[in-house]
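Undergrad: attaching a predicted model along with its sequence, questions to come.
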Amino acid sequence: MGGTSRRADRLIAFGLALGTVLWLLAVEGREGFGRDEAQYMRAGERYWGWFEELGTNLRQGKPGRSFAASAIDHYWSDNAPDHPVIMKTLSGLSWRAFHTCTCTGAARGLHPIPVRGRHRTLPLFSRDSTAFRFPAILFAALLVAMVFRFARTWLPPPAAAAAAVLTLAQPHYFFHAQIACFDAPIATMAFAVGFAYWKSLRDPRWGIAAGALFGVALGVKHNAWLMPLFLVAHYLWMRRGDLRARRLPRPPLAFVAMLVLGPIIFFLHWPWLWNAPIARTRAYVVRHLDHEHYNFEYLGRNWNQPPTRAAMKLLRATAPFVETGFTVPVTTLALVAFGAAALVRRRREEALFPGGESEAPPAAHPSWLRPGADVDRAPGAFVLFQTLGPLCVLAVPSTPIFGGVKHFLTAMPYLALLGGVGLTAIARGLEGALPVARARLRRAAPAALAFVVCVPAVIETRRSHPDGLGHYNLLAGGFAGGASLGMNRQFWGYSVLPMLPDLDAMASENRSLFWHDVLSDAISMYKREGRLSMGVGDTGFGEDGIKRSEIGILFYEKHWAKYEGWFWETYGTTQPVYVRAREGVPLVTLYRRGAR
């Protein structure tokens, strides 16, 4: 029976992952390129150029050329020291393997590395950008499958599947899950590291896996630095009996492996570090410890510096919690509340619910290899620290908040897991209310309830696309309510995509086009994919760019308000010729010089 159940779980996990890939691939083409994503696509293609040159040097019997400092810096300095390179490298390799090659056509000169000829590929994707985005989509699918498998530790299959679906069906996470960036992939890696740590408390083999996964996480994004803090907090809570007895808890193998393997894998994965390991690692760390505060709107205020007054510090500290409460679907939040209550009521050494794996510790003797074998693993504390930890870090007033929800996406899978716990608690109550004689109905109730609670979140996520950054839930009042509350609508210029046909049709004027927050890398990708004509121009940035332009676009963000005044003054009109809006909320406006 156990083998049959495990096979069924594997099939369900695979089905959930496949459904995730299909859903994301079906809609990603409607989402434009933000400035960061465009830079990462460029960097990924440049990194591929190093591998291409390495292949040439290997064929010539001179592989050492590719490892010379000049060769490494030529390719790997792109986007350094900002971010490590695992996701960018995977994006570049995916592009090389799966794009439909038109690289020798009119857009040949728009590639960041020379195109020497037509690429032989497995042409899965008609757009280059889809091939760049494919690895991030696979990471999202992996997360959904892992949430299901981890939830099965405690929950029956319907609730575990609901937790997996609710992980994906969050509009802000869904927005990030389909782009060639790092915020959704680091959520996957944070969950993978947590999963491995949890299993290592009973099985030492998972301790080594936790160390290796932590190294990969370090190569995805700097959020990984924080993962050990939340895991140590849980471990000390689990071993609090040792602390009361004034004895040091046994150090878990997972922590030792993370300490040893993490830095090794991080160093090996990033060729840019090899030429000057200490200086360049320091440059990377300092870059993020002293990161600038970009503009971000929260509750009607523009935040671009740490607050200094006590009242403003308090308001700023609420940001991650209010943003979570205003962006996660309300039905999911309600399930989370039920789940939190169920975990509080749970007694030690007791499985959460029938249908999950037992929480009772095995008979194995405790040791540093099995440091949790003699105590309860405290699932409530584990979920608490993994959920609240990322939010609390972003609540520190001096922490930049320019990314909004994306900065604490690592908490969202655990929030969905908590929703699965809440669903199971509700299902148990519903089963108890049904007559014993209605056995078939009692058996079907959990699956039916799981389907019902997932539908609103899925619909809300589908409705928000492709403007998930501007989505706010029923508590906030939707897109319009979020705008009225002074919440951020967008960033990085992604929302221009639906306007491209109109811009392209202005054949004479668009040669002097002011793109505002759309970077040249994104414009190049739109041209490579045939969404823009090659003759469309770019007059540059700032007020001078507006003065040189005939038409121009403006993104609605609070700190860009002065740009609208520049348009009015330079163009001699306050009347836009086009406004792109969602549910009455302006996102992008098009102005034309002298228009009526």
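TA: Alright, I've got the coordinates. From a predicted model like this one, the values you see are computed outputs, not experimental measurements.

Undergrad: low-confidence bits of this structure, can you list those?
TA: 1-4, 347-364, 434-439, 442, 596 (pLDDT under 70).

Undergrad: dead centre of it: give me the residue that sits there.
TA: Centroid check for the chain by Cα atoms, centre = their mean gives A184 as the closest residue, at 1.9 Å.

Undergrad: residues touching that one, list them.
TA: For A184, the contact set (Cβ atoms under 8 Å, 6 or more residues apart in numbering) comprises 136, 139-140, 143, 173, 176-177, 409. For every residue, glycine as well, the C-beta is placed using N, CA and C.

Undergrad: try 6 Å this time
TA: 136, 140, 176-177 (Cβ atoms under 6 Å, 6 or more residues apart in numbering).

Undergrad: ditto for A140
TA: By Cβ under 6 Å, 6+ apart, the residues touching A140 are 20, 177, 184.

Undergrad: go with 10 Å
TA: 17, 20-21, 23-24, 167-168, 173-174, 176-178, 184-185, 187-188 (Cβ atoms under 10 Å, 6 or more residues apart in numbering).

Undergrad: try A257
TA: Contacts of A257 (Cβ under 10 Å, 6+ apart): 196-197, 200, 204, 206-215.

Undergrad: before we move on, back to that, what would the contacts of A184 look like in CSV with distance to V220 and secondary structure?
TA: As requested, the contacts of A184 are exported to CSV (distance: Cβ to Cβ, whole Å; DSSP: H, G, I helix; E, B strand; the rest coil):
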residue, distance to V220, secondary structure
A136, 10, helix
A140, 13, helix
H176, 13, helix
A177, 14, helix
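
Undergrad: JSON lines for those residues, including distance to E564?
TA: Output for the contacts of A184, formatted as JSON lines (distance: Cβ to Cβ, whole Å):
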{"residue": "A136", "distance to E564": "34"}
{"residue": "A140", "distance to E564": "36"}
{"residue": "H176", "distance to E564": "28"}
{"residue": "A177", "distance to E564": "33"}
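
Undergrad: list buried residues within the residues you listed.
TA: Buried members of the contacts of A184, counted by 16 or more other Cβ atoms under 10 Å: 136, 140, 176-177.

Undergrad: in the stretch 401-550 of the chain, what residue spans correspond to strands?
TA: With DSSP state E, counting those that start in this stretch, the ranges of strands along the stretch 401-550 of the chain come out as 513-514.

Undergrad: my read is that D183 contacts Y40, right?
TA: No: the criterion here is Cβ atoms under 10 Å, and D183 misses it with Y40 at 11.3 Å.

Undergrad: residues that sit against both of the two, list them.
TA: 87, 136.

Undergrad: okay, those two: which has more neighbours?
TA: Legend: neighbour count by other Cβ atoms under 10 Å for D183 and Y40, higher for Y40 (28 against 25).

Undergrad: where does the more buried one land in three-state SS?
TA: helix (DSSP: H, G, I helix; E, B strand; the rest coil).

Undergrad: for it, give me its contacts.
TA: Y40 neighbours (Cβ under 10 Å, 6+ apart): 33-34, 78-79, 82-83, 85, 87-88, 91-92, 132, 136, 179-182, 521.

Undergrad: please repeat the previous calculation with a cut-off of 8 Å.
TA: 79, 83, 87-88, 91, 132, 180-182.

Undergrad: ok, longest strand in this structure?
TA: Secondary structure of the chain read by DSSP state E shows that its longest strand is strand 585-592.

Undergrad: which positions in it come out as buried?
TA: Quick answer for strand 585-592 (16+ other Cβ under 10 Å): 585, 587-592.

Undergrad: which elements pack onto that strand?
TA: Contact partners of strand 585-592 among helices and strands, from 3 or more Cβ pairs under 8 Å, 6 or more residues apart in numbering; DSSP states H and E: helix 478-484, strand 551-555, helix 561-571, strand 578-582.
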